[in-house]
Structure formats: structure tokens, C-alpha cells
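Participant: sharing a sequence plus its predicted fold:
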Amino acid sequence: MPTTPRFLRLADVAEVLNISATQVYALVRSGELPAIKIGGRGQWRVETSELEGYIARMYDQTRDFVSTHPLGRNDLGTDDDEAKAEGVSDPPH
């Protein structure tokens, strides 16, 4: 029996990605994160391999973004609050 489950609940995916279950649901409904609906109550499940693929795609997109958008004071934009929350400061002038 595998130690890692094949399918994850949306709450489990939210925990892995450190986002809300509502955000995971939006990713699933938009098709960004492939999932299946199972059971009589139609519960969503995300296959572990699909989650890993999504994470890899996000790394690729982030890498592309970083390479085409060099960091500068005006480039922080809406991510400025998040950067401050994570303890990232502006480079010295």
C-alpha cells in the first residue's frame, strides 16, 4: 500500500499549497488544476501527480516571469505587501 495517497481532498491540497480551500476550488473550476468529482455527493479529488504537475508548471511560470521582469523598486507592485510579510526588503540604493 502506498504511503502517499493517490487522491487528495481540496482541503489537503490547500494545506500543501498554503492557500485556502476556496482558492483551490477556483483553480479546479478554472481547469488550472485538474481534478475529478466522485461519489454521490460529488466530492472533488485531486490526483497527487496532477498536483505535482501543477506545482512544476507554477515553478516554470515563475521562472519565466522572474527572467523577464528584473526586480526594481517599481516592480514590486501588488506583491509588495506579500514580500514585506515574508521579510523581503528592497535592495540598497
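Facilitator: Thanks, I have it.

Participant: from here on, just use CA atoms for contacts and neighbour counts.
Facilitator: Noted.

Participant: please work out how many residues are found near L10.
Facilitator: 21 (other CA atoms under 10 Å).

Participant: need the contact list for it.
Facilitator: Contact analysis of L10 by CA atoms under 8 Å, 6 or more residues apart in numbering lists A21, V24, Y25, W44, R45, V46.

Participant: most neighbours, which of those?
Facilitator: Result: V24 is most packed of the contacts of L10 (other CA under 10 Å), 23 neighbours.

Participant: host element of it?
Facilitator: helix 21-30 (DSSP states H and E).

Participant: please apply the same query to W44.
Facilitator: Per DSSP H and E: strand 43-47 holds W44.

Participant: what is that strand packed up against?
Facilitator: strand 7-9, helix 10-17, strand 36-38 (3 or more CA pairs under 8 Å, 6 or more residues apart in numbering; DSSP states H and E).

Participant: try 6 Å
Facilitator: Counting contacts by 3 or more CA pairs under 6 Å, 6 or more residues apart in numbering; DSSP states H and E, strand 43-47 packs against strand 7-9, strand 36-38.

Participant: pLDDT of that strand, averaged?
Facilitator: Averaged across strand 43-47, the pLDDT comes to 98.

Participant: following it, which helix or strand comes up?
Facilitator: helix 48-68.
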